[in-house]
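Q: Take a look and give me a structure for this.
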Amino acid sequence: MPYKNKEYKRDYMERYMKQYRLDNKRHITKYNNQWNKDHRDHRRQCKIERLYGLSHKNWLKMWEDQNGRCKICGENFTKPGDANVDHNHKTGKIRGLICRKCNLGLGNFNDDPELLIKASKYLKKY
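A: Alright, predicted model coming up:
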């Protein structure tokens, strides 16, 4: 089918694809779920690069420099997906890879060193 102009072709394709997605919703959802499952590591790498500007090569270097361990508590990561990228929320500067527990701890203390010192004193006292 010859198209009269580019706008007509674009509109036609948009309508066609919209109908295709409606007619094949179950198949498309199944395909997307399987693709996401099969490409979990790739998706994670893309997310890290998008959020933190950290390339996979640089992430691997950090992993090797830390010997696959949390930079705070020193626990071994069971798998690379367990490593959270720790960063300064004000400057965006990356500090290292930390485990989920340490990441949650820093987050709950709002990355406030003074509050962490107070918590440490409290724990030592009691």
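
Q: ok, now which ones touch T29?
A: If a contact means C-beta atoms under 8 Å, 6 or more residues apart in numbering, then T29 has no contacts. Just so you know, the C-beta spots here come from the backbone N, C-alpha and C atoms, and that holds for glycine as well.

Q: phi, psi of it?
A: phi -60, psi -40 (degrees, to the nearest 10).

Q: Could you export the helix or strand of the chain with the lowest mean pLDDT as CSV, CA atoms only?
A: Of all helical and strand segments in the chain, the minimum by mean pLDDT, DSSP states H and E falls on helix 6-23, at a mean of 89. Provided in CSV are the C-alpha atoms of helix 6-23 (Å, rounded to 0.1, in the frame of the first residue of the first chain):
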residue,chain,number,x,y,z
LYS,A,6,5.0,10.5,6.1
GLU,A,7,2.3,11.7,8.5
TYR,A,8,-0.2,9.4,7.0
LYS,A,9,2.2,6.5,7.2
ARG,A,10,3.0,7.2,10.9
ASP,A,11,-0.7,7.5,11.8
TYR,A,12,-1.5,4.3,10.0
MET,A,13,1.3,2.4,11.7
GLU,A,14,0.4,3.8,15.1
ARG,A,15,-3.2,2.6,14.7
TYR,A,16,-2.0,-0.7,13.4
MET,A,17,0.4,-1.3,16.3
LYS,A,18,-2.2,-0.2,18.8
GLN,A,19,-4.7,-2.7,17.5
TYR,A,20,-1.9,-5.4,17.3
ARG,A,21,-1.0,-4.8,21.0
LEU,A,22,-4.7,-5.1,22.0
ASP,A,23,-5.2,-8.3,20.0
